[in-house]
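Chemist: predicted structure and sequence below. I'll ask about it afterward.
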Amino acid sequence: MPSRPVHAVAIAMTLSLLSTAAIAQPSPESIELANSLGNDFPTPHTRWATPLSGGNVRTLFIVHQNPNINGLPLRHVVELQQRFDLACDAVLAMTAKGKTYAITYQGGAGVYGGETGAKRLARLLEKPYDCYVVTGPVMGHLPEKSRKAILKEVERGAGLALLYKPGKEDSPLLKRFTDLGEPPAVLAGLQVKCFQMGKGRIVSVERYPTDATWDVYRPNLEQRIFGFNICRDLYYEAQGRAILWAADREPGLAVDINLGFRSSLRDELASQTVKVTWDSETDKAPSQIRYRVRSEARGSQEPAVLTDLGTSKGERQLRLPTLPAGSYWIDAIARDDKGVTGWAVKRFNVTTELRIAKVSLERESGEAGDPIRGEVDITGPVGENTLLRVHAIDRFGRVLARQEFPTPKSRVDFSLSSKPSMPGYLGIEAVIVQGGQDTCYRYCQNSYSITQRKHDRWNFLVWGRLYASPFLEVADDLLAANGVTSRMETSGVPWWYMTRAGMNYTPYCASGLYRLPDMGPQEPTVNEHGTLERADGCWNHEPAVSLRLDKWLGSERDFRGRGVLAYSMGDEVAVMGSCLHPSCWKVYQQWLQSEYGSIKELNNSWGTAFSNFSKIQPIVDETSIPWYPKRSQRIPWQLTWANNEHSSRGPTSGSTAWKDTWRNYPRYIDRRSFQYWNFANYCKRFRDTARMMDPHARCGVEGSDIYLDADIDVIVRNTGWWMPYGGENGGTTNEVIRSIAPKGYLYGNFMGGPTFWSCILRGANTVGRWRVDNMLTPAMQLQPALKRMVQSGRIIFDGLGTLLNGNPGSEMLDEGIVMLHSMSSVKMAKIGDGPSYGIFRWRKDDGRTRSNTPQPQFHVVNRRSHRAWHRNIRASGMQFRYTTDGQIKRGEFDASQAKVLVLSQYEVIGPDEEKLIRNFVAAGGTVIADVRPGIYGARGKLRTGGVLDDLFGVKHTGSAPVSEKTGSIKGILGRSPVNLKRRTLFVNPNLSITTGKALGKAGDTPICIVNQTGRGRAVLLNFTMWSYAKLAVHEGNDDAGAFFRTLFAEAGATPPLGLEDSTGRRHRNIEAMRWRTGHGTQVIALHGPTLGTWPEPNGGTPDPPPEPFSRGLDTGVPVVVRFAEPRYVHELRTGRHSDGLTRTFKTSATAFTATLLVASSRPLHAPILSVVTDSVRRGEALGIRVAIPRARGKRVLTIQATDPEGKTAPWFKTSLIVQDGRAELKMPIAWNESAGKWKLTATDLFTTRTSTASVQIK
């Protein structure tokens, strides 16, 4: 067991394994899952007693569970099961308040699951067990009836093993036992107390042998590289002996290893005597004894077997090989025809006169290509034939770089080469060679890291670290094996075992940003001095800002060396900020000048008469909130409102001074624009500081939940990484990010299981999960939802994610539908009558509550027209992208590549957007708006009528709240008839027709106004899209869908694929996302259901999900894919493919899991793998070539290798992107690689076809 206890930590979270007093009782299914003992991830282990000659031991484990963290308590049971023949059940239990062993236990059962969990325990106790194992002081917290049942079975002869040192709380229990005094020989090496009660044996294990303890936080030199396999084996060997003794099932054969020494000089090892003895309680001799010598590092020997043992009592003498200096363990396991009958294990040491005293590094990290420098200190006599070798080795002990020093001096400086092909975690090993034999090894205390940033690949990021010290290095290996590439919030430390597992870091940095409160103002607040609150001060005050940034980022240097994906500036932080500090206000004045160029232009916009920019000062309304009696209470609020220009938007609370002439929307919008720019500029400064130590630093924030309520454009242009939350809110933010982000920008979502694939379909190259405890069961298995995600996502981890969404990735395709986003429109849509037409953010910016009128969350979150547009476009079989007002102003948006512009409550239209829209329509494009397009001018300037009224052929006659009316549409749109049946719609009543033609009415309000102008068309629907039919809903009339598809078809935007069910009916709740990977080749992802087609779109996973997936999460729904042109089609993962060119392909879709297809205009041939040379020597690089006949564009392959014994070599597994059918790869061969014939296999992820080649390693 680790000698260091689990840290007491304060974690601001609550796991599912909580006392039932705190939460509702979990379901029986979740209780079974929490107590399950599955083992999908076996760890290295010795089978000490499995199978056991006398049969298995029925065992019930009562396992102490910490209610605040997932310490993986059931993994101890799994580890025992790997090594001993135990038939186990387990029950998690927790200590709780109340008097231990009280007649009436106050606080309910301590069994996890409350009453339901206690009933489960009672059911288990209906069958007898050979032994009851308790891992902590929980017996007094079990239901009295269950506790009595256990003790009754012990009295009848069952065993009771207490795998902890009992304390005062267990004294009532211990008083019932009879102390047996001296422990039996079978428990030698353990500090135990043995008792008896009736016929049953009881043992309490108070201390383990020193060899059976380890400290993951302070590993020795060898463990830091090779792990704790031997210590873990010895720990559970000791526990197993205790359990078998308590169950009266200890081995019937006494096996011992008699060493004539504890330590021996290497040169004398051959003369040492080692005997294996055995003595059976019966007359039966063991059929064999298998023995081996093991080391934590070098020197382990292959097992050998003794047979023909003859008698039930005997001995055999063993000859030890000449081993390098170090610590060794020799074990012997005896078997008969039924299983293991006994075993023994002993330790010995080997020494040499010439030894390595120390290996040290000049520095512990560097870039690939930097030399690895350090020194080796040697003590003892150095002979003429002595050679010192210094190695850089990986976790498998493979020598990747080496340097030799004949006849070394007492101190030797070394310099090893590093290469990009090397892993990020290296051990530094020094070895003395004498007479051609390795005689002594020594390792550097610290590992060496080659910085691994992983910016060019797809990444899976996990938040938090485990507090399960016995299993940390194996748990992180499990996470890495299941796709995790980066870790966040690791308590400020880049833990060696995470780096060793191949992960890098996303450090959670101090940054000076602030979090918005759950309740209250959703905007920057200031204190009585006007300085930003909840932050570390003004973001513009120098030199304070620079000093803070230098300090904060200086503390991240350890992470920098190990490899940083991104430097996180915070979780759930506000993405806007400003204050009234003089430094901040001066920057604001400078920003205004850069925006307007001259004070005249600003005055024209604001309707003011400032003589210069320095004259612009905050408007502080000191008459507001008069009900606060003290000025000190009023000032922070008054300054906060001034900081946010509330007086320019409307009266502040209680103001007697405010008048309508103060209303100045451009001034308000400019302040908001500055706040987002100020945040982005501060992020840029943070990045620039980070790049002083890490030239490739990416910086940004995560956990944003902003929907579209931010200047996403300015944030993306000044950060390098952004991870909003998943679901439709963060997914909507990512719709804009994916559309405008430059190549190499890192973005994605923090998500749950159901949203993994929707993140991929939105272009995410970085997907995050909160938090690591929630990913694993108490037995260290993947939680079912995560397991499902990993199984479906394995292809993403294996390289497809990098091919599609990595850097540079592939081109995401759409149908030329472009939606417009501007922060100004979002802000103005929240003023006056705007909120009645749609909710851009649930919480109010200036309110202390989330809503003045309580409403069901479903109603509120679905009044978001942008999201409704997204759903309906995708339900119609098409895709879209965004552009922003910023891109338009900078001339970055190429309208010639668009067919349709969609304006959803796009209330603010400036001159740049107006010009582009008009030119777009004149050139033949179609613009479609839902409600209130351009009712404000640039920066929200009030105007009479809409900016584009003449384009739409309408006239806006003033503002009015949304009106609920019943309407229908019927007529000819372009060349196509449309017929939308009567339905309730929410419309803008203050609209009249000029030159446009209304195809319908809602009450007396015109809807669907079409105006042909130039070569194009403008369509004003005049109803909110959130009030329109949800086209993704599987059932119901398709008239709304037909109208929507016609609306786009007449603009030239049509579905590229047909998705039908087995009856030919169009699928509505399955979307298709396409990536172009090369000329004529596309990867297609089919995915459903659409978020929002079940009652609570931001809730958990619905089971069963909505139609057509109602048969369950794991049941496929038939899909027939129809292509516009004949294509060769392959189904990824399964290898199914069309027989030649086809226009249809039958497949299936599973809820929340993407079905992946590749469609190509030319056949997809299998890869051809070859090696440059038929043989390669150790220490050289093997050249590998891949050719794919007639391939165009990019394909991704996995490369694996098997050694001469047929074992897969995990260090050689890699992904390879093949461009235009050609790729080469250099695979470094270690200096100690296994010699012989190796087999290489390349697997094409597109077709699942493989190719093999072989090479001789010499």
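Modeler: Everything's here; your move.

Chemist: okay, domains of the chain per the record?
Modeler: Per automatic domain parsing, the structural domains of the chain span 28-246, 253-351, 355-450, 463-577+676-808, 582-675, 813-1048, 1057-1160, 1168-1257.

Chemist: for the record, mean pLDDT for the second one?
Modeler: In this case it means domain 253-351. Model confidence over domain 253-351, given as mean pLDDT, is 95.

Chemist: remind me what the longest strand anywhere in the chain packs against, helices and strands.
Modeler: Longest strand in the chain by number of residues, with DSSP state E as the criterion: strand 1117-1131. Judged by 3 or more CB pairs under 8 Å, 6 or more residues apart in numbering; DSSP states H and E, the packing partners of strand 1117-1131 are strand 1057-1060, strand 1081-1087, strand 1142-1149, strand 1155-1160. C-betas here are computed from N, CA, C, even on glycine.

Chemist: for those, which one sits closest to Y676?
Modeler: Y676 lies closest to strand 1081-1087 among these, at 32.1 Å (CB to CB).

Chemist: which elements pack onto that closest one?
Modeler: Counting by 3+ CB pairs under 8 Å, 6+ apart, the packing neighbours recorded for strand 1081-1087 are helix 756-761, strand 1071-1078, strand 1117-1131, strand 1142-1149, strand 1155-1160.

Chemist: who does it pair up with?
Modeler: Using DSSP bridges, strand 1081-1087 pairs in its sheet with strand 1071-1078 (antiparallel), strand 1155-1160 (antiparallel).

Chemist: the shortest one to strand 1142-1149, inter-axis angle?
Modeler: Between the axes of strand 1155-1160 and strand 1142-1149, defined by axes from the mean of the first three to the mean of the last three CA atoms, to 10 degrees, the angle is 160 degrees.

Chemist: repeat for the first one
Modeler: With the same axes, to 10 degrees defining the directions, strand 1071-1078 sits at 120 degrees from strand 1142-1149.

Chemist: which stretch among the helices and strands packed on strand 1081-1087 comes nearest S876?
Modeler: Proximity to S876 (CB to CB) singles out strand 1071-1078 among these, at 9.4 Å.

Chemist: weakest of the helices and strands packed on strand 1081-1087 in terms of mean pLDDT?
Modeler: helix 756-761 (a mean of 94).

Chemist: send me that one as PDB with only the CA atoms.
Modeler: In PDB, the C-alpha atoms belonging to helix 756-761 read as follows (Å, rounded to 0.1, in the frame of the first residue of the first chain):
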ATOM      1  CA  PHE A 756     -19.100  14.200 -28.100                       C
ATOM      2  CA  TRP A 757     -20.100  13.600 -31.700                       C
ATOM      3  CA  SER A 758     -22.000  16.800 -32.000                       C
ATOM      4  CA  CYS A 759     -18.700  18.600 -31.000                       C
ATOM      5  CA  ILE A 760     -16.800  16.700 -33.700                       C
ATOM      6  CA  LEU A 761     -19.500  17.700 -36.300                       C
END
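
Chemist: list the buried residues for that helix?
Modeler: For helix 756-761, burial by neighbour count (16 or more other CB atoms under 10 Å) applies to F756, W757, S758, C759, I760, L761.

Chemist: residues of the strand or helix carrying W637 that come out buried?
Modeler: W637 belongs to helix 631-643 when elements are defined using DSSP states H and E. The neighbour-count check on helix 631-643 (16+ other CB under 10 Å) flags R634, I635, P636, W637, Q638, L639, T640, W641, A642, N643 as buried.

Chemist: which member of those residues is positioned nearest I831?
Modeler: Distance to I831 across the buried residues of helix 631-643 (CB to CB) is lowest for W641, with 15.1 Å.

Chemist: surely that closest one is in contact with T623?
Modeler: No - counting by CB atoms under 8 Å, W641 does not reach T623; the two are 11.5 Å apart.

Chemist: ok, the closest residue to A93 other than its chain neighbours - contacts?
Modeler: Spatially, and ignoring its direct neighbours in sequence, A93 is nearest to V138 (4.1 Å; CB to CB, 6 or more residues apart in numbering). Counting by CB atoms under 8 Å, 6 or more residues apart in numbering, V138 touches I62, H64, A93, M94, T95, G110.

Chemist: list phi and psi for the residue lying closest to G110 once chain neighbours are set aside.
Modeler: Among residues not flanking G110 along the chain, H141 sits closest, at 2.8 Å (CB to CB, 6+ apart). Main-chain dihedrals, H141, degrees, to the nearest 10: phi -110, psi 10.

Chemist: roughly how far does H141 sit from V111?
Modeler: According to CB to CB, to the nearest Å, H141 and V111 sit 8 Å apart.

Chemist: so these two - more neighbours on which side?
Modeler: With neighbours defined as other CB atoms under 10 Å, H141 and V111 compare such that V111 has more, 28 against 25.

Chemist: the more buried one contacts T95, doesn't it?
Modeler: No - assessed by CB under 8 Å, V111 is found out of contact with T95, at 11.6 Å.

Chemist: wait, is T499 part of a strand?
Modeler: No - read with DSSP: H, G, I helix; E, B strand; the rest coil, T499 is helix and lies in no strand.

Chemist: nearest to M197, out of the strands paired with strand 1081-1087?
Modeler: strand 1155-1160 (60.3 Å).

Chemist: who touches the closest one?
Modeler: Strand 1155-1160 has contacts (CB under 8 Å, 6+ apart) with 795, 800, 1077, 1080-1087, 1119, 1121, 1123, 1127-1133, 1145, 1147-1149, 1164, 1246-1247.

Chemist: sorry, back to before: got any residues that touch both of V111 and T95?
Modeler: Common neighbours of V111 and T95, counting by CB under 8 Å, 6+ apart, are H141.

Chemist: run a quick neighbour tally on C683.
Modeler: By the criterion of other CB under 10 Å, C683 has 24 neighbours.

Chemist: residues contacting S896?
Modeler: A923.

Chemist: pretty sure it sits in a helix.
Modeler: Yes - under three-state DSSP, S896 falls within a helix.

Chemist: do you know how far it is from G816?
Modeler: From S896 to G816 the distance is 10 Å (CB to CB).

Chemist: send the alpha carbons of stretch 676-690 over as PDB?
Modeler: Extracted C-alpha coordinates of stretch 676-690, given in PDB (Å, rounded to 0.1, in the frame of the first residue of the first chain):
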ATOM      1  CA  TYR A 676     -15.000  42.700 -25.400                       C
ATOM      2  CA  TRP A 677     -12.000  44.200 -27.100                       C
ATOM      3  CA  ASN A 678     -10.500  45.000 -23.700                       C
ATOM      4  CA  PHE A 679     -10.900  41.300 -22.600                       C
ATOM      5  CA  ALA A 680      -9.400  40.100 -25.900                       C
ATOM      6  CA  ASN A 681      -6.500  42.600 -25.700                       C
ATOM      7  CA  TYR A 682      -5.800  41.400 -22.100                       C
ATOM      8  CA  CYS A 683      -5.800  37.800 -23.400                       C
ATOM      9  CA  LYS A 684      -3.300  38.900 -26.100                       C
ATOM     10  CA  ARG A 685      -1.100  40.500 -23.400                       C
ATOM     11  CA  PHE A 686      -1.300  37.300 -21.400                       C
ATOM     12  CA  ARG A 687      -0.300  35.300 -24.500                       C
ATOM     13  CA  ASP A 688       2.600  37.700 -25.300                       C
ATOM     14  CA  THR A 689       3.900  37.200 -21.800                       C
ATOM     15  CA  ALA A 690       3.600  33.500 -22.000                       C
END
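
Chemist: coming back round to it: surely the residue nearest to G110 meets V91?
Modeler: No - between H141 and V91 no contact is recorded; they are 11.5 Å apart, counting by CB under 8 Å.

Chemist: ok, how many other residues are close to S312?
Modeler: S312, neighbours per other CB under 10 Å, totals 15.

Chemist: before we move on, back to that, of the contacts of V138, which belong to helices?
Modeler: Members of those lying in helices (criterion: DSSP state H): none.

Chemist: any chance of TSV for those residues, columns distance to T352?
Modeler: Shown next, in TSV, are these (distance: CB to CB, whole Å):
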residue	distance to T352
I62	49
H64	45
A93	51
M94	52
T95	51
G110	55
